[in-house]
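Mind looking at a prediction? Sequence and model below.
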Amino acid sequence: MTWQRSLPVATLEPIDLAMANRCLDSWGHKMGQIRRPNGWYRAHALVAKDEPVAVVVASTLIRERVGGGLGHLTRETTVELSRLCACRPHLCRVVLRMWREFVFPVLGFEAAVSYQDADLHTGHTYRFDGWRRAGFASSGTDQRSGRRGRRRWIWVWPPTAAEGAA
């Protein structure tokens, strides 16, 4: 049997924050664009037919430590998966797995966290990918926008990172 290689059907590619924000707007992400005043970002897109179909953005933690009883996770050791969005259902699961398998290991962090709005999401995307729901956080009023804070689940990768300092 002979195998002939052809062009990839889909790829995971680094993109700039402006492109990630355009995708988040276009696909109606509830939290909208990433507009944090400081830190760094790493954005990637799942690309099919030369168009982004899903995006994932990793960012510096906003606070020095993760809340919800996970204070051992700090800016130095932990990255926040700050946005996950796709143009159609089920692609979030694909891009999350690709990010976890291929991007996270080269970022140099021991753990990743993602805060998920407890009122909007079931958590299936993270749960089915092997993340651990490890805490609960309730933010106060946003100082910039004046919006009331949200109730958020804290998901952790790898699951053992939720267990405390080693």
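Received it, and whenever you're ready, just let me know what you need. Numbers count the residues shown, from 1 in each chain.

is it true that Q33 lies in a strand?
No - residue assignment for Q33, taken from DSSP: H, G, I helix; E, B strand; the rest coil, gives coil, which places it outside any strand.

Show the pLDDT at the nearest residue to it once chain neighbours are set aside.
Excluding its sequence neighbours, the residue lying closest to Q33 (Cβ to Cβ, 6 or more residues apart in numbering) is N21, at 4.0 Å. Yep, even glycine has a C-beta here, placed from its N, CA and C like the rest. The per-residue pLDDT reported for N21 equals 97.

ok, now E51?
96.

Looking at strand pairing, list the partners for it.
According to DSSP bridges, the partner residues bridging E51 are A48.

and it, how many residues sit next to it?
Neighbour count of E51, defined by other Cβ atoms under 10 Å: 10.

cool, and the one 4 residues further on?
Residues lying near V55 (other Cβ under 10 Å) number 28.

does it belong to a helix or a strand, and which?
Assigned by DSSP states H and E, V55 falls within strand 51-59.

Can you tell me what sits against that strand?
Strand 51-59 is contacted by residues 10, 15, 17, 19-20, 23-24, 34, 36, 39-47, 79-88, 91-92, 94-96, 99, 103-104, 107, 112 when judged by Cβ atoms under 8 Å, 6 or more residues apart in numbering.

Buried only: go through these for me.
Restricting the contacts of strand 51-59 to buried positions leaves 15, 17, 20, 23-24, 34, 42-47, 79-87, 91-92, 95-96, 99, 103-104, 112, with burial counted as 16 or more other Cβ atoms under 10 Å.

Could you tell me which of the residues you listed belong to helices?
Under the assignment DSSP state H, the buried ones among the contacts of strand 51-59 contribute 17, 20, 23-24, 91-92, 95-96, 104 to helices.

Mind listing the strands the least confident helix or strand in the chain by mean pLDDT pairs with, and their directions?
The weakest-scoring helix or strand in the chain, judged by mean pLDDT, DSSP states H and E, is strand 132-138 (a mean of 81). Applying DSSP bridges to the sheet, strand 132-138 is found paired with strand 151-157 (antiparallel).

Looking at T160 now. What's its pLDDT?
At T160, the model reports a pLDDT of 88.

would you say it is within a helix?
Yes - looking at T160 with three-state DSSP, it is inside a helix.
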